[in-house]
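**Student:** need a structure here:
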Amino acid sequence: MFGKKDEKRFHEKLIQHSQQGLIFIWVDRQTGVNYLYTWTAQGCALTSLLGENGEVIVDPAE
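**Tutor:** As a prediction, the model looks like this:
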């Protein structure tokens, strides 16, 4: 399902530190879908990253 064991499914496109925690943008290498992941001491959240028109941002798959 996830390909070879030594092959990573997700690529970290961006890591940004904020005053409250960390912000990541991950890209699924197989589908190209971008995900926004935030982490703070209070918890975390994951969602697909949307563009200004409300559609999911997709990069060309590898």
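
**Student:** going forward, measure contacts between C-alpha atoms and count neighbours the same way
**Tutor:** Fine.

**Student:** Next, name the residue at the spatial heart of the protein.
**Tutor:** If you average the C-alpha coordinates of the chain and look for the closest C-alpha using C-alpha atoms, centre = their mean, you land on residue 26, 2.2 Å from that point.

**Student:** residues in contact with it?
**Tutor:** Listed by C-alpha atoms under 8 Å, 6 or more residues apart in numbering, the contact partners of residue 26 are 10, 11, 12, 13, 14, 34, 35, 36, 37.

**Student:** of the residues you listed, closest to residue 43?
**Tutor:** Within the contacts of residue 26, distances to residue 43 taken as C-alpha to C-alpha reach their minimum at residue 37, with 10.9 Å.

**Student:** Compute the distance between the closest one and residue 22, please.
**Tutor:** Relative to residue 22, residue 37 is positioned 8 Å away (C-alpha to C-alpha, to the nearest Å).

**Student:** My guess is residue 38 contacts residue 45. True?
**Tutor:** Yes: between residue 38 and residue 45 there is a contact at 5.3 Å, judged by C-alpha atoms under 8 Å.

**Student:** Have a look at these two and say which one is more surrounded.
**Tutor:** In this view residue 38 and residue 45 are compared by other C-alpha atoms under 10 Å, and residue 38 has more residues nearby, 20 against 10.

**Student:** Now for the closest residue in space to the residue nearest to the centre of the chain that isn't next to it in sequence: which residues touch it?
**Tutor:** Taking C-alpha to C-alpha, 6 or more residues apart in numbering as the measure, residue 26 lies nearest to residue 12, with 4.6 Å between them; neighbours along the chain are not counted. With contact taken as C-alpha under 8 Å, 6+ apart, residue 12 is in contact with 24, 25, 26, 27.
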